[in-house]
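Asker: Provided below for reference: sequence and predicted model.
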Amino acid sequence: MPSQPHSSLRSPPRRQWLATALPLLGAGLAAALPRWSQAAAPQGTPVELWKDPSCGCCHDWVTHMEAAGFRFKVHDVGNTGARARLGLPQKLGSCHTALVGGYVIEGHVPAADVRRLLQQKPNALGLAVPGMPVGSPGMDGPVYGNRRDPYDVLLVARDGSTRVFSSYHQGSKA
């Protein structure tokens, strides 16, 4: 009679091996997935921006927005064409025009107001801070003598009319 191999030398049955190996393999993949998905997924709320390539205050506004979790695709071609194409009245113009979540953002609008707009989702064209008021994001800091001029953030309706969305005055939000 042929001898049988010793039981300690035999491979474990296939089912037992799979029952042990698969959970370990699954745990390793599950631990790695968050890192893979974070690396593949861009972080932040996307913003498309049109500005003049030499504008320093536009760069400073981008820095303010990025610190609040926005990420940018920048077009250094000026903003007049974009403003007209997006339907924002010229009288509300500033040095840069952005598009975020389907809304136009004109000028030095604080990041908190953009976030509030995106949360509230009003039926509107967007927000505007006409001109370039000193003290608004990108128009602030020591280079301006820490001066803070009062200004309003306007909610722009699709017909071009406006109403005050936020007010920034000495000692208030800005």
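Answerer: Structure's in. What do you need?
Asker: Walk me through the domains of the chain.
Answerer: 10-40, 45-168 (automatic domain parsing).
Asker: Redo those domains as TSV? Include mean pLDDT.
Answerer: Below are these laid out as TSV (pLDDT from 0 to 100):
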stretch	mean pLDDT
domain 10-40	47
domain 45-168	96
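Asker: Let me have those domains in CSV, extended by mean neighbour count.
Answerer: Every residue, glycine included, has its C-beta placed from N, CA and C. Formatted as CSV, the domains of the chain follow (neighbours: other Cβ atoms under 10 Å):
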stretch, mean neighbour count
domain 10-40, 10
domain 45-168, 18
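Asker: Can you verify my assumption that residue 65 contacts residue 112?
Answerer: No: Residue 65 is beyond contact range of residue 112, at 10.6 Å (criterion: Cβ atoms under 8 Å).
Asker: I'd like the next helix or strand past the helix or strand residue 154 falls within.
Answerer: Using DSSP states H and E, residue 154 falls within strand 151-156. Downstream of strand 151-156, the next assigned helix or strand under DSSP H and E is strand 162-168.
Asker: and the angle from that next one to strand 151-156?
Answerer: Taking axes from the mean of the first three to the mean of the last three Cα atoms, to 10 degrees, one finds strand 162-168 and strand 151-156 inclined to each other by 150 degrees.
Asker: Check the spacing between residue 63 and residue 48 real quick.
Answerer: Using Cβ to Cβ, to the nearest Å, residue 63 is found at 17 Å from residue 48.
Asker: I misspoke; the intended subject was residue 58.
Answerer: 13 Å.
Asker: Residue 165 now?
Answerer: Noted for residue 165: a distance of 21 Å to residue 48, by Cβ to Cβ.
Asker: how near is the residue nearest to residue 96 when sequence neighbours are not counted to residue 148?
Answerer: Nearest non-adjacent residue to residue 96, counting by Cβ to Cβ, 6 or more residues apart in numbering: residue 51, 4.0 Å away. Distance of residue 51 to residue 148, computed by Cβ to Cβ: 23 Å.
Asker: export the strand or helix carrying residue 65 as PDB, just CAs?
Answerer: In the assignment (DSSP H and E), residue 65 maps to helix 56-67. Listed in PDB are the C-alpha atoms of helix 56-67, where the atom choice follows Å, rounded to 0.1, in the frame of the first residue of the first chain:
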ATOM      1  CA  GLY A  56      -1.200  92.000  -8.500                       C
ATOM      2  CA  CYS A  57      -4.500  92.500  -6.600                       C
ATOM      3  CA  CYS A  58      -6.200  89.800  -8.700                       C
ATOM      4  CA  HIS A  59      -3.400  87.400  -7.600                       C
ATOM      5  CA  ASP A  60      -3.900  88.500  -4.000                       C
ATOM      6  CA  TRP A  61      -7.700  87.700  -4.300                       C
ATOM      7  CA  VAL A  62      -6.900  84.300  -5.700                       C
ATOM      8  CA  THR A  63      -4.600  83.700  -2.700                       C
ATOM      9  CA  HIS A  64      -7.500  84.700  -0.400                       C
ATOM     10  CA  MET A  65      -9.900  82.300  -2.200                       C
ATOM     11  CA  GLU A  66      -7.500  79.400  -2.300                       C
ATOM     12  CA  ALA A  67      -7.000  79.800   1.500                       C
END
